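1. the sequence and its predicted three-dimensional model are supplied below.
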Amino acid sequence: MPEIGEDSETLGVIEKWYKKEGDLIKRDEVICDIRTELFTFGMLTDDDFDSIMGEILVPEETDHPIEPGTVICTTLHKDTDGKKEEDEEGGK
């Protein structure tokens with residue numbers, strides 16, 4: 001989960017995933033909504049290229065809110081050799 005401002009300690013919940021494992025993610029596309037006490041916002045990947053949704057690590061509407069900096073999913077991309085590489089999303 002991204003940090004929301006400096007020294008943010010706001011907890012959040014994944015309200016809805018818009019992508020599932022294996023889906024194509026276009027650059028600047030919202031992959032999920034995160035709800036906090038203050039607001040709900042759309043989470044974008046921090047990739048500068050199209051990628052593929054890897055593993056979802058935090059399910060929707062869990063009973064345990066997540067802290068800023070928590071890795072919520074992984075994304076995959078193909079390098080110039082055609083191999084898949086894995087990135088973490090939502091972490092510090």
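-> Everything's here; your move.
2. does Lys26 really touch Phe49, like I thought?
-> No: in this structure, Lys26 is not within contact of Phe49 by CB atoms under 8 Å, at 9.5 Å. Every residue, glycine included, has its C-beta placed from N, CA and C.
3. contacting residues around the residue nearest to Leu11 when sequence neighbours are not counted?
-> In space, and not counting its chain neighbours, Leu11 is closest to Pro65: 3.6 Å by CB to CB, 6 or more residues apart in numbering. Neighbouring residues of Pro65 by CB atoms under 8 Å, 6 or more residues apart in numbering: 11-13.
4. rerun at 10 Å
-> By CB atoms under 10 Å, 6 or more residues apart in numbering, the contact list for Pro65 reads 1, 10-14, 34-37, 58.
5. repeat that for Arg27.
-> Shown in contact with Arg27 (CB under 10 Å, 6+ apart): 44-45, 47-51.
6. pLDDT score assigned to it?
-> Per-residue pLDDT puts Arg27 at 85.
7. same question, Glu61
-> Here, the pLDDT recorded for Glu61 equals 87.
8. again, but for Leu38
-> pLDDT, Leu38: 86.
9. repeat for Lys83
-> As predicted, Lys83 sits at a pLDDT of 49.
10. one more: Phe49?
-> Phe49 is assigned a predicted lDDT (pLDDT) of 83.
11. what about Ala51, how many residues nearby?
-> One thing to correct before we go on: residue 51 is Ser, not Ala. Other residues within reach of Ser51, judged by other CB atoms under 10 Å, total 25.
12. swap in Met43?
-> By the other CB under 10 Å criterion, the neighbourhood of Met43 contains 20 residues.
13. check which helix or strand covers it.
-> Under the criterion of DSSP states H and E, Met43 resides in strand 40-44.
14. how far does that strand sit from its chain's centre?
-> Chain-centre distance of strand 40-44: 9 Å, with CA atoms, centre = their mean, to the nearest Å.
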